[in-house]
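>>> please find the sequence and the predicted model below.
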Amino acid sequence: DQQVKQNSPSLSVQEGRISILNCDYTNSMFDYFLWYKKYPAEGPTFLISISSIKDKNEDGRFTVFLNKSAKHLSLHIVPSQPGDSAVYFCAASPNEKLTFGTGTRLTIIP
Amino acid sequence: DAGVTQSPTHLIKTRGQHVTLRCSPISGHKSVSWYQQVLGQGPQFIFQYYEKEERGRGNFPDRFSARQFPNYSSELNVNALLLGDSALYLCASSFGGGNTGELFFGEGSRLTVL
């Protein structure tokens, strides 16, 4: 039972353009959502989060949008840079026990 | 400051053997969590410990066990290894006591079971 889904296994975006990564969830008990970034041979690194009481959170080039009625969140990266090439995981939490999606591999094309 | 450190980084075992993985959290962090990441999947929650007590357990068999020591480091033990236990085992630490889920992960221990 996949409670957090990332339906796009991969995404390629040209440098300087906007990258949009999507995530859907099914469990209404989730009240905190996070994005993690993972480079090969490294552990996941926290990127940005959003509480269920908000619908948008920004941090520099990264913005996360939450649509609770649709149980959908998205991560926008603008402008995209070559160093953004990595696997991005969406995660959800009613506490610190995170449920992760399967990840989206983002490739930024120079 | 040192991040989350895990050992060993790589190991190979055979079916039926036992393995112990170790984790040292970031200084000041009192909570340690363990996740299993199988190739092509996202990390799956195994255990969380806070102040040496188990706070949560994921959907894993009793062959998996863990503990947290007074210095907040932790061990994950897996008995009677199966081929399907081959995975990257990630340790994460946090201050604990809250519910934001902002965990700091180590680089992981890659276990191969032959």
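Sure, I can see it. Since we're looking at a predicted model, the values are computed, not measured.

>>> near chain A, which residues of chain B?
B:4, B:31, B:33, B:35, B:40-45, B:48, B:55-56, B:58, B:90, B:92, B:94, B:96, B:98-108 (C-beta under 8 Å from any C-beta of the partner chain). C-beta here means a position set from N, CA and C on the backbone, and glycine is covered the same way.

>>> where along the chain do the strands fall?
I went with chain A, as the question did not name one. Ranges of strands within chain A are A:4-5, A:10-14, A:19-25, A:32-38, A:45-51, A:56-59, A:62-67, A:72-77, A:86-93, A:99-100, A:104-109, based on DSSP state E.

>>> nope, chain B
Using DSSP E, strands in chain B cover B:5-7, B:10-13, B:19-24, B:31-37, B:44-50, B:53-57, B:64-68, B:74-78, B:87-94, B:104-105, B:109-113.

>>> TSV for the strands of chain A, including mean neighbour count and distance to residue B:25?
TSV is the format used below for the strands of chain A (neighbours: other C-beta atoms under 10 Å in any protein chain shown; distance: least, C-beta to C-beta, whole Å):
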stretch	mean neighbour count	distance to residue B:25
strand A:4-5	19	25
strand A:10-14	14	33
strand A:19-25	21	28
strand A:32-38	23	17
strand A:45-51	17	15
strand A:56-59	12	24
strand A:62-67	18	26
strand A:72-77	20	27
strand A:86-93	23	18
strand A:99-100	22	20
strand A:104-109	17	28
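
>>> what about residue 3, how many neighbours?
Because you didn't say which chain, this covers chain A. The number of residues packed around residue A:3, counting by other C-beta atoms under 10 Å in any protein chain shown, is 14.

>>> please refer instead to chain B.
16.

>>> who are the contact partners of it?
B:26, B:104, B:106 (C-beta atoms under 8 Å, 6 or more residues apart in numbering or on different chains).

>>> quick check: closest non-adjacent residue to the residue nearest the centre of chain B.
Closest residue to the average C-alpha location of chain B: residue B:34 at 3.0 Å, with C-alpha atoms, centre = their mean. Spatial nearest neighbour of residue B:34, chain neighbours left out: residue B:46 (4.2 Å); criterion: C-beta to C-beta, 6 or more residues apart in numbering or on different chains.

>>> the one you found reaches residue B:32, doesn't it?
No. Residue B:46 is beyond contact range of residue B:32, at 11.0 Å (criterion: C-beta atoms under 8 Å).

>>> okay, those two: which has more neighbours?
It is residue B:32, of residue B:46 and residue B:32, that has more neighbours when counted by other C-beta under 10 Å, with 32 against 23.

>>> now the more buried one, which residues is it bridged with?
residue B:49, residue B:93 (DSSP bridges).

>>> and the pLDDT for it?
In the predicted model, residue B:32 carries a pLDDT score of 95.

>>> check contacts around it.
Contacts for residue B:32 (C-beta under 8 Å, 6+ apart) come out as B:23, B:25, B:48, B:49, B:68, B:72, B:73, B:74, B:91, B:92, B:93.

>>> repeat that for residue B:14.
Contacts of residue B:14 by C-beta under 8 Å, 6+ apart are B:81, B:113, B:114.

>>> and for residue A:83?
residue A:108.

>>> likewise residue B:5?
Contacts of residue B:5 by C-beta under 8 Å, 6+ apart are B:23, B:24, B:106.

>>> how about those in a markdown table, adding distance to residue B:15, neighbour count and pLDDT?
Output for the contacts of residue B:5, formatted as a markdown table (distance: C-beta to C-beta, whole Å; neighbours: other C-beta atoms under 10 Å in any protein chain shown; pLDDT from 0 to 100):
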| residue | distance to residue B:15 | neighbour count | pLDDT |
| --- | --- | --- | --- |
| B:23 | 24 | 27 | 98 |
| B:24 | 29 | 21 | 97 |
| B:106 | 26 | 24 | 96 |
